[in-house]
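# Quick one, structure for this:
(chains A, B and C)
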Amino acid sequence: MSPLWIVRRIGLYVLVSVVLAFFAVPMLWLASAPFDAKPGLGLRWPDWTSSNVVATFEHPYALTSLVNSLVLCVVATVVTTVLAALAAYALSRVRIPGRDLLLYLLLLLSSVVTGTAAMVPIFVMMLQLGLINSQLGTALVISGGLLPAAIFILKDFMDAVPRSYEESARVFGASPRQVLSHVVLPVARPGVATIFVWAFVNAWGNFLLPFLLLRDVGRQPAAVLLRTLYDEGGSANLTVIPVFSLLYSIPVVVLYLFVNKRYGFRFHGGIKS
Amino acid sequence: MDSSGLGVRRAVGFVAPALLLIGVFLVFPALWTLYIGITDYRLTGPAAANPRVVGVDNLVEAVRDPLFTNSVWLTALFVLGSAVVGQNVLGFGLAWLLRTVRPGVRRLVEGLVLLSWILPGTVVAYLWFAVLSRDTGTLGLLLGSPETAWLVRYPMTSLIIFNVWRGTAFSMLLYTSALAAVPPSQLETARLVGASGWQTVRDVVFPHIRGHVLTNTLLISLWTANDFTPFLLTAGGPDHRSEVLPVLIYRQALESGQLGYASALSILLLVGNLAIALVYLRLLRRRA
Amino acid sequence: MASITAEGLSTVYPGGVRAVDDLDLEIADGELFALLGPSGCGKTTLLRTIAGLEAAAGGAVTIGSRDVTRLQPGDRRVAMVFQDYALFPHMTVAENIAYPLRVRGAAKSVQRETAAGTAAGLSLDGLLGRRPGQLSGGQQQRAALARAVAASAEVLLLDEPLSNLDARLRLEARTFLKKLQRELALTTVFVTHDQAEALALADRIAVMDAGRIRQLGTPREVFQRPADTFVANFIGSTPMNLVPRGSQIIGVRPEYLAPAEEGLFTGVVSIVENLGVTSLVTLDCGDEQIGYVVPEDDEPPVGTAVTVDAPPARVLSYDRETGLLVR
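Below you'll find the model as predicted:
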């Protein structure tokens, strides 16, 4: 261990500490402010209290919006996962005419047509269909946006399931439905779980689409309500915002811990997982 | 015959529901943008009931509109600063440095970087709003200048730093897996001949991950150009100084009600996306 | 229990490759039958067409007295073991073995009993609760066999059943497989590219090439009298000597050649390869190289001149044009 080596190691750890601080400092507020008797915007050691939690639970829309988030998210996630799994399986196994072109277009669509680029026509379409303020409609719009990438990634997983598993089941007399439920889905479960978590995190955090399409505050999800809360400003909301942010973040953090433990964060063709 | 025994007809039945949703909520809106973009369609008033086709007038107006040119310039700055340079460099740096630190430290850093990526956008926007605000904001306290309203004084710099914080995880993950594919024997050879860290990166690592750098740059540029989160932090202000294209489109469409004009702006964004995506897909194909 | 018949059977892949080409074949009830050939000869496709996993483009497959050509795989009463065994990784050994019964909706108790009974017959007891990933290669192979047996099918199809085992285990498994087939007396068709495996196991062998059968016969017939030069080349652990003489090709197996005063070939010993209890000696005879096998300790020194001969009944002639056996 030469002196140069030691200097380098120290330099390395100083650098890593700076990066660590950069990522940690904004997040620490989320841990301290919810339980601080006089929560401010700055970071400080809190005077512990649970009154903020009580205030948040008494807020007229806080819990409603979390329930709305859950409804929106569950519908969008389930629709995305189920439809993507069916489509990916069929596309992986059957040479439907035009399959390769379809896959190419799906890949292109998933990157080109973003919610931002298509917000005007989506808003106009839902307005004319009378689906503004429809949670189901909003959930389906979110699904439509997630599906191309979901199909593409799940197809990779389905392609990796050995064909001999299905053939074996078929020789023993399994119907296509039994092949799917007994063999393919259980074997492809890591892929299905990946898509489920990915769709959930995306739908849970989605702000733009519910912001555009859900105008009634009683139907808005947490993402939109949080924005409303801090747009109004005022110190009164500082008791609600921290706790509410924390509650709103917990499902994502739990999922993150679950995925990290169960599968580890791996790379799936360029998506959040 | 296919291994699943589905047959073409049943397979089409499996694919159809997904394609229906994609068709209605993605393909149709994209195509409809093209039509709305050549009309004077408005949210309210006479043009709301009977929009008139105005052809390329909207596009011509956009090019002449200082707000639009300002916004294109800001978007380019945002993409270049936070994605092409910021996320790319920090992501690679983390992937490279974290190979050699202790596993506990590595897990901690990676965990925080990933968390900043998956937390809901509205939450992280507020976290940064708190850090950057005047009077009691954490940054002001740390630097001893509590009276600075960072988001008002330096809106674009704030957005760029915010987006580096928010999005570096993707680049870090991608470069980590790319670095794992560099043959260890080549890294060891570089060490044996006494190459410095920088020489090793330049001569051994970079040739291996060139494709990944390009892929990563294209993807994060695309996502950053379409990111709506700046709206949550600055809403384009103050005085249009941080009005990137997605925010401009939103404000033109829903605050000014000029749906036709906003669609024309969307078309320009779609064309930009398409250009990046086509390059990306060619790259994928060549690698496959 | 049933015989298998293929009449004029063809299987065509997209792109027009005729993997099985107008093929006729009869496999008797209770027979252990080998489909042998190099890779790409169509042997696996033929097996999969019998199973119903590939659709026949022409001709018919009959099992017993039932024409199964248009039936789904599950309706053909066949059982199959795949090359990679295709044991379902998320099910235990017991669940895997009982899977054919589960598909038919058998009661849970029946499933359990059958799994336990079949496993005992294949010395898998004690492994019923494990997952396939926790089994050795040999155990996986037996679990796959057990699942096929539990299906109580009329016909057992095996795709390269021994190829995933290492060399030592393969011999053991070969003996086990033959014993099991004799006990069950179940019509069994297996695919292999290993001629030694086919010779050792099968009652009869079909040697295939380019989607057709080159020769059909017992192991002895195929070994002693290969029907053409392709089969002659393919069968035997040391390659047959094939020497052009005028309009014919003379074929003699190295094992049938022995030193003699006068004989078929004379040459100089160039290489001696030890095969264990025997050695393979290579003679340089002008342009040709002739191999013959000698018992251990009888190897001639390199460089000596040797003449070798074979009993007339073991010397075959092939037509030089067609490659077919003349005599």
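# make it CA atoms for all contacts and neighbour counts henceforth
Noted.
# Give me the most central residue, chain A.
Among the residues of chain A, the smallest C-alpha distance to the mean C-alpha position (C-alpha atoms, centre = their mean) belongs to A:Val201, namely 1.2 Å.
# again with chain B
The centre of chain B sits closest to B:Thr224, judged by C-alpha atoms, centre = their mean, with a distance of 1.8 Å.
# closest point of the stretch 1-150 of chain A to chain C, which residue?
Among residues of the stretch 1-150 of chain A, the one nearest chain C by C-alpha to the nearest C-alpha turns out to be A:Arg95. It sits 10.8 Å away.
# What residues are bridge-paired with the nearest residue to B:Val54 once chain neighbours are set aside?
Distance criterion C-alpha to C-alpha, 6 or more residues apart in numbering or on different chains; nearest residue to B:Val54, sequence neighbours excluded, is B:Thr39 at 5.0 Å. Residues in a beta bridge with B:Thr39, per DSSP bridges, are B:Val53.
# State the distance from B:Thr39 to B:Leu59.
For B:Thr39, the distance to B:Leu59 under the criterion C-alpha to C-alpha, to the nearest Å works out to 11 Å.
# Now the common contact residues for those two.
Common contact partners of B:Thr39 and B:Leu59 (C-alpha atoms under 8 Å, 6 or more residues apart in numbering or on different chains): B:Tyr261.
# Settle it for me: which of these two has more neighbours?
Here B:Thr39 and B:Leu59 are set side by side on neighbour count (other C-alpha atoms under 10 Å in any protein chain shown), and the busier one is B:Thr39, at 23 against 19.
# so what's B:Asp2 up against?
A:Arg93, A:Val94, A:Arg95.
# and if we set it to 7 Å?
By C-alpha atoms under 7 Å, 6 or more residues apart in numbering or on different chains, B:Asp2 lies in contact with A:Arg93, A:Val94.
# Ok, B:Ser133 next?
Contacts here follow C-alpha under 7 Å, 6+ apart; on that basis B:Ser133 touches B:Ala149, B:Trp150, B:Leu151.
# residues near whichever residue of the stretch 1-150 of chain C sits closest to chain B, how many?
Using C-alpha to the nearest C-alpha, C:Glu54 is the residue of the stretch 1-150 of chain C that sits closest to chain B, at 5.7 Å. Neighbour count of C:Glu54, defined by other C-alpha under 10 Å: 20.
# Looking at it now. What's its pLDDT?
Turning to C:Glu54, the model gives it a pLDDT of 91.
# and if you look at C:Gly15?
Turning to C:Gly15, the model gives it a pLDDT of 82.
# returning to what we had before: quick check, the residue of the stretch 1-150 of chain C closest to chain B in contact with C:Arg48.
Yes. Contact between C:Glu54 and C:Arg48 holds when scored by C-alpha atoms under 7 Å: they sit 5.7 Å apart.
# For the residue nearest to the centre of chain A, list the residues it contacts.
Shown here is A:Val201, whose contacts under the criterion C-alpha under 7 Å, 6+ apart are A:Val252, B:Ile118.
# what's the helix or strand for it?
helix A:189-205 (DSSP states H and E).
# ok, and for that helix, which residues are buried?
Of the residues in helix A:189-205, those scored as buried under the neighbour-count criterion (16 or more other C-alpha atoms under 10 Å in any protein chain shown) are A:191-205.
# residues from the stretch 1-150 of chain B in reach of chain A?
Contact residues of the stretch 1-150 of chain B with respect to chain A, defined by C-alpha under 7 Å from any C-alpha of the partner chain, are listed as B:2-8, B:11, B:14-15, B:17-18, B:21-22, B:25-26, B:29-30, B:32-33, B:109, B:112-113, B:118-123, B:127-128, B:130-131, B:136-138.
# on that earlier part again, would you list the buried entries among the contacts of B:Ser133?
For those, a burial check counting by 16+ other C-alpha under 10 Å picks out B:Ala149, B:Trp150, B:Leu151.
# give me the subset of those residues touching chain C.
Of the buried ones among the contacts of B:Ser133, not one also sits near chain C (C-alpha under 7 Å from any C-alpha).
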